[in-house]
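Peer 1: what's the 3D shape of this:
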Amino acid sequence: MMRRLLPHPILTLVLAVVWLLLVNEFNAGQVVLGLLLGWAIPLFTLHFWPERVVIRRPFTLLRFIAVVLADIVIANFIVAGRILLGPGHVTPAFVTVPLDLRSELAVSLLANTICLTPGTVSAELSADRRHLLVHALNTTDPEGLVQTIKQRYEAPLKEVFEP
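Peer 2: Reported below is the predicted structural model:
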């Protein structure tokens with residue numbers, strides 16, 4: 001019964017916090033509205049969720065989020081510097097990242113994390129979902145980029161979302 005009324009409690013709280021950050025106000029009305037939206041959105045989108053989300057290691061997830069946020073800030077400065085130096089200072093490349101992840105949610109989060117980090121974009125997921133094609137704005141070591149993605153992003157997601 002509880003799962004029907006509150007299908008994704010963590011998502012409810014995350015959406016409420018995001019709402020408060022978006023409106024940039026903290027008062028009782030906005031908190032109630034944020035909680036209402038945080039409750040209604042997961043409830044009405046329940047049929048679109050392919051699998052039940054189980055977070056096996058919440059502290060690993062928090063550490064992953066901190067790493068991603070730090071990488072986004074650092075990458076912004078690096079990309080801005082490369083752009084200011086001109087087109088001769090970039091070495092774009094496509095790299096194929098072999099995936100160990102099997103969960104649709106984890107693969108989706110990995111692809112989105114790569115897109116959020118400035119300078120990299122997830123271009124294509126193979127039909128068998130075993131490889132992710134990633135475009136990097138500047139890399140002189142494609143294998144190093146693959147290992148960085150696997151260690152910094154894929155490994156924690158595997159710990160958090162897969163048995």
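Peer 1: Please count neighbours and contacts with C-alpha atoms only from this point.
Peer 2: Will do.
Peer 1: buried sites along the longest helix along the chain?
Peer 2: Residue-count comparison of every helix in the chain, with assignments taken from DSSP state H, identifies helix 58-85 as the longest. Residues of helix 58-85 classed as buried under the neighbour-count rule (16 or more other CA atoms under 10 Å) are 61, 64, 68, 72, 75, 79, 82.
Peer 1: Which element, helix or strand, includes the most centrally placed residue in the chain?
Peer 2: When the chain is reduced to its mean C-alpha position, the nearest residue by CA atoms, centre = their mean turns out to be Thr113, at 3.6 Å. Under the assignment given by DSSP states H and E, the secondary-structure element containing Thr113 is helix 104-116.
Peer 1: now for that helix, which elements pack on it?
Peer 2: Where contact means 3 or more CA pairs under 8 Å, 6 or more residues apart in numbering; DSSP states H and E, helix 104-116 is packed against strand 120-125, helix 155-161.
Peer 1: what's the domain layout of this structure?
Peer 2: Following automatic domain parsing, the chain resolves into domains at 2-48, 58-161.
Peer 1: any chance of these in a markdown table, with mean pLDDT too?
Peer 2: Written out in a markdown table, the entries for the domains of the chain read as follows (pLDDT from 0 to 100):
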| stretch | mean pLDDT |
| --- | --- |
| domain 2-48 | 88 |
| domain 58-161 | 95 |
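Peer 1: re earlier: could you check the angle helix 104-116 makes with the longest helix of the chain?
Peer 2: In this structure, helix 58-85 runs at an angle of 30 degrees to helix 104-116, with axes from the mean of the first three to the mean of the last three CA atoms, to 10 degrees as the basis.
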